[in-house]
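Undergrad: Structure, please.
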Amino acid sequence: MSDAMRTFLGEQLAKIRADGLYKPERVITTPQNAHVGVTGRKDVLNLCANNYLGLAQHPEVIAAAQRGLQEWGYGLASVRFICGTQEIHKELERRLSEFLGTEDTLLYGSCFDANGGLFETLLGEADAIISDELNHASIIDGVRLCKAQRFRYRNSDMADLEAKLREAQGNRLRLIATDGVFSMDGYVANLPAICELADRYDASVMVDDSHAVGFMGPRGRGTPEHLGVSGRIDILTGTLGKALGGASGGYTSGRREIIEYLRQRSRPYLFSNTLAPPIVAGSLKALEILSKSTDLRDRLEANAAFFRAEMQGHDFNILPGEHPIIPIMLGEAALAARMADAMLDEGVYVVGFSYPVVPQGKARIRTQVSAAHTREDLAFAAEKFSEVRALPE
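TA: As a prediction, this is how the structure comes out:
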């Protein structure tokens with residue numbers, strides 16, 4: 001490394017630490033679960049995983065992944081269009097389409113890849129992307145790769161979205177892009193109003209539903225089902241790494257022509273190794289479990305409501321909503337980091353979020369409830385938050 005590069009990086013890292021924004025990685029010493037071991041502690045309550053339905057440790061999912069390894073091998077060592085498509089990959093795409101109520105689905109290595117390979121493939125200089133300002137980084141990066149004209153509307157501000165759609169009327173194609181759930185806040189996008197505006201201004205709608213698929217809606221089909229707009233969303237992206245088993249992998253699902261075109265042109269799909277067979281087999285089992293019963297999503301919904309009530313009872317400032325993402329607003333980055341460390345000492349694993357992940361002055365601890373948590377777990381966590389808040393600095 002050059003001296004200039006070493007000096008530059010050293011200065012930047014020192015500034016990150018001085019600003020209280022350094023993000024250390026805690027090392028988990030056990031499988032993912034509602035309770036985990038971390039270095040120095042054998043058992044802490046985990047309140048910061050995306051394991052919404054507890055499927056990451058579900059014995060049937062683990063057994064299915066093990067069978068997938070034995071029957072289909074460790075990996076394909078290839079991309080899909082050369083020699084990397086197995087029967088189980090086509091089966092998972094079919095099952096996802098069936099679960100989501102869409103026409104076709106394309107698997108990716110992650111939802112980040114799905115979003116990264118979407119916009120530049122579908123849209124060119126003559127087109128327009130109209131994107132919510134709080135969209136996930138993967139959408140932002142995907143949009144940056146695209147040569148289409150870019151418009152950004154204020155978060156869930158339908159008047160501003162309409163104004164941007166008017167500006168884009170001279171473009172050939174218009175695509176509205178939004179998260180289904182904004183992951184730092186737990187807020188749900190106003191999909192009914194977005195769909196109405198899309199119809200009015202001849203636009204298509206893309207939704208990243210990573211923080212909703214599997215548990216939002218009466219049958220867990222995500223925000224389109226939850227908000228009554230199933231069939232009106234043109235493109236759904238999502239992950240297999242949260243509620244749908246918790247491993248890795250992502251997908252784009254939607255109109256048949258869109259998926260067919262992506263299969264021919266999307267670079268992260270064409271030039272990335274195929275999703276590993278154990279992950280495919282485990283994801284198939286996760287979908288089977290969710291298709292048979294809504295017990296897990298029902299338990300998650302009840303747990304989220306219970307924990308929200310507990311935290312409000314302890315007079316914490318939490319963002320309103322119904323989602324199992326429950327942010328505890330603290331304001332200062334240093335306070336969020338200090339409080340998260342103190343919570344770990346008390347047996348609760350949480351993480352502080354601060355700039356640039358969230359805006360300056362809006363640091364928080366983002367808690368995430370799971371169907372695998374018990375009421376005793378959640379009451380314990382609320383009590384510990386209250387105790388830690390009272391500790392001297």
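
Undergrad: ok, now how distant is T105 from C195?
TA: Distance from T105 to C195, counting by C-beta to C-beta, to the nearest Å: 21 Å. (C-beta placed from N, C-alpha, C; glycine too.)

Undergrad: Same check on M216?
TA: The spacing between M216 and C195, counted by C-beta to C-beta, is 17 Å.

Undergrad: so where's the protein uncertain?
TA: Filtered on pLDDT under 70, the chain yields the residue ranges 392-393.

Undergrad: how far out from the middle of the chain is stretch 304-315?
TA: A distance of 23 Å separates the centroid of the chain from that of stretch 304-315, by C-alpha atoms, centre = their mean, to the nearest Å.

Undergrad: got it, and stretch 173-180?
TA: On C-alpha atoms, centre = their mean, the centre of stretch 173-180 falls 16 Å from the chain's centre.

Undergrad: Helices of the stretch 251-393 of the chain, start to end?
TA: Along the stretch 251-393 of the chain, the stretches classed as helices by DSSP state H, counting those that start in this stretch are 256-265, 267-270, 277-292, 295-313, 333-345, 375-389.

Undergrad: Does V36 touch K42 like I think?
TA: No - using C-beta atoms under 8 Å, V36 is not in contact with K42; the gap is 9.4 Å.

Undergrad: Which one's more surrounded, these two?
TA: V36 (20 against 10; other C-beta atoms under 10 Å).

Undergrad: before we move on, which element is the more buried one in?
TA: In the assignment (DSSP states H and E), V36 maps to strand 35-38.

Undergrad: Following the chain past that strand, name the next helix or strand.
TA: For strand 35-38, the following helix or strand on the C-terminal side (DSSP H and E) is strand 41-46.

Undergrad: Mind giving me the packing neighbours of that next one?
TA: strand 35-38, strand 348-349, helix 375-389 (3 or more C-beta pairs under 8 Å, 6 or more residues apart in numbering; DSSP states H and E).

Undergrad: what's the most buried one of those?
TA: strand 348-349 (a mean of 22; mean count of other C-beta atoms under 10 Å).

Undergrad: and the helix or strand hosting E98 with helix 256-265, angle?
TA: Element membership of E98 [criterion: DSSP H and E] is helix 87-100. In terms of direction (axes from the mean of the first three to the mean of the last three C-alpha atoms, to 10 degrees), helix 87-100 departs from helix 256-265 by 150 degrees.

Undergrad: need the next SSE after helix 87-100, C-terminal direction.
TA: Next element after helix 87-100 (DSSP H and E): strand 104-108.

Undergrad: in the stretch 1-150 of the chain, which spans are helices?
TA: Secondary structure of the stretch 1-150 of the chain (DSSP H, counting those that start in this stretch): helices at 3-18, 59-72, 80-83, 87-100, 111-116, 119-122, 137-144.

Undergrad: Can you say which of those helices is nearest to L284?
TA: helix 87-100 (5.6 Å; C-beta to C-beta).

Undergrad: and that closest one with strand 104-108, angle?
TA: Using the same axes, to 10 degrees: helix 87-100 against strand 104-108 is 120 degrees.
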